[in-house]
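*Asks:* Need a 3D model of the following:
(one chain, ligands or ions: 1)
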Amino acid sequence: MRLKFTKMHGLGNDFVVFDAVRQQVELDAVTIRRLADRRFGIGCDQILLVEPPRVPDTDFHYRIFNADGSEVEQCGNGARCFAQFVREQGLSTQEEIRVSTASGVIRLALQPEGLVRVNMGAPVLEPALIPFLAAKTQWSYPLEVDGETFHIGAVSMGNPHAVLLVDDVDTAPVARLGSLIETHPRFPQRVNVGFMQIINTQRVRLRVYERGAGETLACGTGACAAVVSGWLRKLLAPRVQVRLPGGELLIEWCGPPQTVWMTGPAVSVFQGEIDLLRLVL
Ligand SMILES: N[C@H](CCC[C@H](N)C(=O)O)C(=O)O
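*Replies:* Numbering: from 1, shown residues only. Next up, the predicted model:
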């Protein structure tokens, strides 16, 4: 099966995007892992499918697969690339597009100078809905990891996030601690792990060890979750510049029950065509 694709990224968090409106796309976990492999395939953090609408009053459906083949509920950087993709592929000329995902509907709007503004919906804080095993909702939870106790925020942006405060993201043990917390038994569906250094109430630095992909250069839902956690802990203002290794996102949230807005770039790098049969050999 030959498929056309576009290679894209949001601040270096990179994607292979398939138009599943005008071509039949059926991918199993083995094929996804090969596509995402940076030696045997095209290489990316996530695979994104642009599909026809599935629910009333939406324009498209959006599916997201991590490099490890797992399908997930949401991807913030991918949402911005989604908006750029449908525009450049002539799939939509609307200023704002409504997209359903496994975790709800998000609204995307192309801004001037190549930026995209996304309404990421309202964060979910109830432990059972994150999901995170805890007796009640708190803004900070003690978590035992490898004999040490850490204090984390737990937030879902449709996908689960743990947020740790660190003094310096450059020296934070992202790989070791990220992989231990990603598979922590109190996160039954695993978790994305954000390491946030607060510069001031309107500026943070963030690194994210992503569920199913490892550390990425940027994580859109991770940036949203970090700002939500910081606001709840009364450490952040409602409008925060988040500096990730791949660049900056603007995240805006003024507390429950409001939705979180994310603004940032989306870039198409190249288009291609791939014969899936050559992949799995
Ligand atoms: N690894 C995430 C999915 C991709 C999220 C990230 N790339 C973003 O921009 O939000 C998860 O398993 O929930």
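
*Asks:* List the buried residues in stretch 77-97.
*Replies:* Neighbour counts over stretch 77-97 (16 or more other Cβ atoms under 10 Å) mark 77-87, 89, 91-92, 97 as buried. Using the backbone N, CA and C atoms, a C-beta is placed for each residue, glycine as well.

*Asks:* And for stretch 198-210?
*Replies:* I198, V204, R205, L206, R207, V208, Y209, E210.

*Asks:* Tell me if I'm right that the last one and N192 touch.
*Replies:* Yes. Taking contacts as Cβ atoms under 8 Å, E210 lies within contact range of N192: 5.1 Å.

*Asks:* Common neighbours of those two, please.
*Replies:* C219, G222 (Cβ atoms under 8 Å, 6 or more residues apart in numbering).

*Asks:* Quick check: bridge partners of L249?
*Replies:* V242 (DSSP bridges).

*Asks:* Show me which residues of the stretch 1-150 of the chain are close to the ligand?
*Replies:* Counting by Cβ under 6 Å from any ligand atom, the stretch 1-150 of the chain comes close to the ligand at N13, D45, Q46, I64, N66, V72, C75, G76, N77, G78.

*Asks:* switch to 5 Å and redo it
*Replies:* N13, V72, C75, G76, N77 (Cβ under 5 Å from any ligand atom).

*Asks:* Tell me how many other residues crowd the second one.
*Replies:* By other Cβ atoms under 10 Å, the residues close to V72 number 25.

*Asks:* Stretch 2-9: how far from the chain's middle?
*Replies:* 19 Å (Cα atoms, centre = their mean, to the nearest Å).

*Asks:* List the buried residues for it?
*Replies:* For stretch 2-9, the neighbour count (16+ other Cβ under 10 Å) marks L3, F5, T6, K7, M8, H9 as buried.

*Asks:* avg pLDDT for that stretch?
*Replies:* The average pLDDT within stretch 2-9 is 97.

*Asks:* residues in contact with that stretch?
*Replies:* Identification of contacts with stretch 2-9 by Cβ under 8 Å, 6+ apart yields 14-19, 23, 25, 42, 44, 48, 77, 81, 84-85, 89, 246, 266-276.

*Asks:* Model confidence score at the residue minimising distance to the centre of the chain, please.
*Replies:* Centroid-nearest residue in the chain: C75, 3.1 Å away (criterion: Cα atoms, centre = their mean). pLDDT for C75: 97.

*Asks:* next one: L281
*Replies:* Looking at L281, the pLDDT reads 56.

*Asks:* I'd assumed R63 was in contact with the residue nearest to the centre of the chain.
*Replies:* No. Under the criterion of Cβ under 8 Å, C75 is not in contact with R63, lying 9.7 Å apart.

*Asks:* what touches both of these two?
*Replies:* Listed as contacting both C75 and R63 by Cβ under 8 Å, 6+ apart are L48.

*Asks:* And the protein, split by domain according to the record?
*Replies:* Domain segmentation of the chain under the TED database yields 2-113+266-278, 127-258.

*Asks:* measure the longest one end to end?
*Replies:* Looking back up the chat, that one is domain 127-258. With Cα to Cα, to the nearest Å as the measure, the first residue of domain 127-258 is 19 Å from its last.

*Asks:* Tell me where this protein has helices.
*Replies:* Assigned by DSSP state H, the chain shows helices spanning 29-36, 76-88, 174-182, 220-232, 276-280.

*Asks:* The ones you listed: lowest mean pLDDT?
*Replies:* Across those, helix 276-280 gives the lowest mean pLDDT, at a mean of 83.
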